[in-house]
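Chemist: Predicted model follows, preceded by the sequence.
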Amino acid sequence: MQPSAHSAEKSPEFGITRPAEVVFASRRAARTRPTGAARAAFTLIEVLIVVVIVAIMASLVVPRVISAFTESAQESAEARASQILTMIVRYNQFYPAQAIPVTDGPVSAADLAKLVAAGYCSADDLVNPANAANGWSFVGPKLIPTP
């Protein structure tokens, strides 16, 4: 049976009356939509290609990120060494009888403890950020993190 040009149907979900041409066109479109396996989807090969591309990109980026962290820790240690050297110079100016030696070689923990006792810094400020197990050493006129 063919619908007439003036027939209408009431939509069950909204109670809206629509022209029959629209109703039959939407039903026709619903029948032609693919269902199940015929739906558009990614194949296993496409997904694997994307995973391989992401893995390659990650393998290029990760080493650079790790080296940036290492360089950052080294720069932080050098900045901290400069601050500690300033504290040592100040301490030696105000306490010449108990001066911390500034000769080449490692700085002892007992000498650095004098800075904490004098109130120049806390014990946490004296930790080597590049490697907490290593301390500080004088090389020439500079204080450097002990490698």
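Modeler: Alright, I've got the coordinates.
Chemist: which regions of the protein sit below the pLDDT cut-off?
Modeler: The model of the chain has pLDDT under 70 over residues 1-39.
Chemist: can you pull out the strands in it?
Modeler: 8-10, 17-19, 105-106, 136-139, 142-145 (DSSP state E).
Chemist: okay, which residue is most central for this structure?
Modeler: The chain has Val65 as the residue nearest its centroid, 8.8 Å off, counting by CA atoms, centre = their mean.
Chemist: do you know how far that one is from Ile49?
Modeler: 25 Å (CB to CB, to the nearest Å). C-betas here are computed from N, CA, C, even on glycine.
Chemist: ok, Val107 - contacts?
Modeler: 100, 135-138, 143 (CB atoms under 8 Å, 6 or more residues apart in numbering).
Chemist: redo that, cut-off 7 Å
Modeler: For Val107, the contacting residues are 135-138, by CB atoms under 7 Å, 6 or more residues apart in numbering.
Chemist: now the longest helix along the chain: how far from the chain's centre is it?
Modeler: Using DSSP state H to define each element, the chain has its longest helix at helix 44-94. How far helix 44-94 lies from its chain's middle: 11 Å, per CA atoms, centre = their mean, to the nearest Å.
Chemist: For that helix, which helices and strands make contact with it?
Modeler: helix 109-117, strand 142-145 (3 or more CB pairs under 7 Å, 6 or more residues apart in numbering; DSSP states H and E).
Chemist: Out of these, which is the most enclosed?
Modeler: Most buried of the helices and strands packed on helix 44-94, by mean neighbour count (mean count of other CB atoms under 10 Å): strand 142-145, with a mean of 18.
Chemist: who does that one touch, helix- and strand-wise?
Modeler: For strand 142-145, the packing partners by 3+ CB pairs under 7 Å, 6+ apart are helix 44-94, strand 136-139.
Chemist: Dump that strand to PDB, keeping only the CA atoms.
Modeler: C-alpha atoms of strand 142-145 as PDB (Å, rounded to 0.1, in the frame of the first residue of the first chain):
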ATOM      1  CA  LYS A 142      85.200  25.900  42.500                       C
ATOM      2  CA  LEU A 143      83.100  23.600  44.600                       C
ATOM      3  CA  ILE A 144      81.700  20.800  42.400                       C
ATOM      4  CA  PRO A 145      79.400  17.800  43.100                       C
END
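Chemist: partners of it in the sheet?
Modeler: strand 136-139 (antiparallel) (DSSP bridges).
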